[in-house]
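Asker: pasting a predicted model and its sequence here:
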Amino acid sequence: MSEEKPLTTADVARYCRVSQVTVWKWIKQGKLKAYRTARGPYYIEKGALRNFLQERGWPIKAEFFAKFAYHILVVDDEPTTVEVVVRTLQRLGEKVKLATAQDGFEAGLQVATFKPDLLILDLMMPQINGFEVCRHIRHNPATAHIKILILTAFGSHENIQRALQLGADDFVHKPVDIHQLTAKVRALLAWPEQPKG
């Protein structure tokens with residue numbers, strides 16, 4: 001779960017049955033997202049390892065990645081949209097913990113403290129917009145593993161392409177189709193169970 005300690009290169013090496021040198025190479029080549037503090041050791045979030053395995057079609061051991069709850073952060077300056085998204089995701093049951101933010105600045109604070117697995121992000125917000133939030137998330141190795149689902153009423157091809165190029169994983173148009181939203185959330189989190197309700 002999101003409160004878990006990050007993995008070390010030794011943990012990843014054991015999981016993948018390779019040497020630590022191989023893991024370091026993956027990190028140096030940019031294949032495996034990792035971060036470090038000052039000149040300390042590298043750390044890898046479980047979400048980053050899961051993404052790495054999925055991209056290569058390697059086995060994912062459910063028990064290793066089992067979570068008590070997925071942390072999902074909803075960022076939108078429209079209270080009605082936030083309410084619809086939160087109510088929809090609450091129907092997924094106890095495996096979801098939710099937090100909300102009204103703008104990009106507040107989102108940055110929540111990312112640091114709530115540590116989401118998935119960010120559901122409006123593109124057009126005051127102060128720091130969704131494009132900037134995407135860029136910041138993807139350029140920070142400690143948050144680069146977070147999945148990003150864009151919400152937009154301005155779903156022009158150019159806006160969607162720009163968001164995807166900046167690191168968004170998928171998008172949903174407004175007004176939100178709750179069935180599409182649920183399906184995309186489950187796909188991005190590699191959620192095996194059927195939603196409740």
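Answerer: In hand now; what should we look at? What you see is a predicted model, and the numbers here were worked out from it, not measured in a lab. Numbers count the residues shown, from 1 in each chain.
Asker: for Asn159, what are its contacts?
Answerer: Asn159 is in contact with 123, 152, counting by Cβ atoms under 8 Å, 6 or more residues apart in numbering. Where C-beta positions appear, they are placed from N, C-alpha and C, glycine not excepted.
Asker: in which helix or strand would I find it?
Answerer: helix 157-165 (DSSP states H and E).
Asker: counting by contacts, list what the helix or strand just after that helix packs against.
Answerer: Counting by DSSP H and E, the next helix or strand C-terminal to helix 157-165 is strand 170-173. Applying 3 or more Cβ pairs under 8 Å, 6 or more residues apart in numbering; DSSP states H and E, we find strand 170-173 packed against strand 147-152, helix 157-165, helix 178-188.
Asker: deepest of the ones you listed, which one?
Answerer: Of all these, strand 147-152 has the most neighbours on average by mean count of other Cβ atoms under 10 Å, namely a mean of 23.
Asker: which helices and strands sit right next to that strand?
Answerer: Using 3+ Cβ pairs under 8 Å, 6+ apart, strand 147-152 sits against strand 118-122, helix 130-139, helix 157-165, strand 170-173, helix 178-188.
Asker: with just CA atoms, put it into PDB.
Answerer: The C-alpha coordinates for strand 147-152 follow below in PDB (Å, rounded to 0.1, in the frame of the first residue of the first chain):
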ATOM      1  CA  LYS A 147      -0.600   6.800 -13.100                       C
ATOM      2  CA  ILE A 148      -2.300   9.900 -14.500                       C
ATOM      3  CA  LEU A 149      -5.900  10.000 -15.900                       C
ATOM      4  CA  ILE A 150      -6.800  13.300 -17.400                       C
ATOM      5  CA  LEU A 151     -10.300  14.800 -17.100                       C
ATOM      6  CA  THR A 152     -11.100  17.400 -19.700                       C
END
